[in-house]
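A.B. asks: Got a predicted structure here, sequence first:
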Amino acid sequence: MQLLRLAWALTAAAACFLILLILHNHILREGQLLAGTCEIVTLDRDSSQPRRTIARQTARCACKKGQIAGTTRARPACVDLGIVWTRQWCEMAPCLDDEGCGLLVNQSGWTCTQPGGRVKTTTVRTEAEPDHMGLKQLKQYR
């Protein structure tokens, strides 16, 4: 009889643990990002000008200490904070593998040049001090 009670108690404890684990994972998926990951929050495209598309995107990132939101291979990513402070944008590898990266003259962004000659220009607008920086990117495709 006591063995049966013990079996039921262990089964109930295991079921409660499983339910708590499922709830925890559900809550984590709904509102929080895993450390070192990013997601695109807003994406707006404007094609009103001929031969030019302006795309604005805002990303939300959960970066580790010493990292900040940036771009790697044309996707939002956590990058080293020093890259943003020194404005050496090409060090974060923002372009696709087959594209060449070039720093804009005033260091306000970078260009990614595709093999066919198409150029994507990205300018960075910072909204706060470097240690609390939220980066918004403005891309122009020609």
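C.D. replies: Good, I have the coordinates.
A.B. asks: my read is A59 is in a helix, agree?
C.D. replies: No. With DSSP: H, G, I helix; E, B strand; the rest coil as the criterion, A59 is strand rather than part of a helix.
A.B. asks: bridging residues for it?
C.D. replies: I40 (DSSP bridges).
A.B. asks: list the contacts for it?
C.D. replies: By C-beta atoms under 8 Å, 6 or more residues apart in numbering, the residues touching A59 are 38-41, 69, 76, 135. For glycine as for every other residue, the C-beta is placed from the backbone atoms N, C-alpha and C.
A.B. asks: what's the most distant pair in those residues?
C.D. replies: Within the contacts of A59, two members stand farthest from each other by C-beta to C-beta: E39 and L135, at 14.2 Å.
A.B. asks: Find the residue ranges of the protein scoring beneath the pLDDT cut-off.
C.D. replies: 1, 3, 6-7, 9-10, 12-31, 126-142 (pLDDT under 70).
A.B. asks: Okay, helices next: where are they in it?
C.D. replies: 2-31, 81-86 (DSSP state H).
A.B. asks: residue contacts, the closest residue to K120 other than its chain neighbours?
C.D. replies: Leaving aside its chain neighbours, K120 sits nearest to C112 (4.5 Å; criterion: C-beta to C-beta, 6 or more residues apart in numbering). By C-beta under 8 Å, 6+ apart, C112 lies in contact with 74, 94-96, 99-101, 119-120, 122.
A.B. asks: partners of C112 in the sheet?
C.D. replies: C101, K120.
A.B. asks: what's the spacing between it and A74?
C.D. replies: Using C-beta to C-beta, to the nearest Å, we find C112 at a distance of 7 Å from A74.
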